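Trainee: Okay, sequence plus prediction incoming.
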Amino acid sequence: MTSIKQARDMFRLQKEAKKVKKMLKNIHIEAEAPGIKVVVNGEQEIISIDISPDVDREQLSTLLKDALNRALKKAQIVSSEKMQAVMGEMGLPTEEGMRGMSSQ
């Protein structure tokens with residue numbers, strides 16, 4: 001059975017997670033490939049894709065995939081860092097803390 005303290009902590013965690021999600025929506029992350037610029041937000045949603053008119057159409061697919069993959073990986077890192085910070089503030093175990101425990 002869940003205690004009142006656990007329920008309060010879960011509510012606080014949900015509230016903080018919503019704040020982080022809102023913040024992530026406003027963080028824009030860019031990645032580029034030759035002639036292509038991709039912008040995603042911290043929630044890994046594509047904001048914009050700019051393709052220069054002189055991009056070789058045969059390479060377009062490869063360049064676009066490369067830029068998108070790099071932008072999405074950066075977004076994952078930003079998202080993870082923001083959530084780790086919230087978890088740390090709430091006294092919950094973070095990935096870094098868990099790594100430190102496993103080396104003991």
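Mentor: Yes, it's here. Given the structure is predicted, the values throughout are model-derived calculations rather than measurements. Numbers count the residues shown, from 1 in each chain.

Trainee: For stretch 32-49, list every residue counted as buried.
Mentor: A33, G35, I36, V38, V39, V40, N41, G42, E43, Q44 (16 or more other Cβ atoms under 10 Å). Where C-beta positions appear, they are placed from N, C-alpha and C, glycine not excepted.

Trainee: I'd assumed L63 was in contact with the second one.
Mentor: Looking back up the chat, that one is G35. Yes: between G35 and L63 there is a contact under Cβ atoms under 8 Å: 6.8 Å.

Trainee: Can you check which residues contact both of the two?
Mentor: Taking Cβ atoms under 8 Å, 6 or more residues apart in numbering as the contact rule, the neighbours common to G35 and L63 are V55.

Trainee: In contact with V38: list those residues for me.
Mentor: E30, A31, E32, I46, S48, I49, D50, L64, A67, L68, R70, A71.

Trainee: From those residues, which land in helices?
Mentor: L64, A67, L68, R70, A71 (DSSP state H).

Trainee: Model confidence for the second one, exactly?
Mentor: Spelled out, that is A67. Looking at A67, its pLDDT is 97.

Trainee: That one and E32 touch, don't they?
Mentor: Yes: counting by Cβ under 8 Å, E32 is a contact partner of A67 at 6.0 Å.

Trainee: and which of the ones in helices among the contacts of V38 is nearest S3?
Mentor: Nearest to S3 among the ones in helices among the contacts of V38, counting by Cβ to Cβ, is A71 at 42.5 Å.

Trainee: hang on, that closest one packs against V39?
Mentor: Yes: with contact defined as Cβ under 8 Å, A71 reaches V39; the gap is 7.2 Å.
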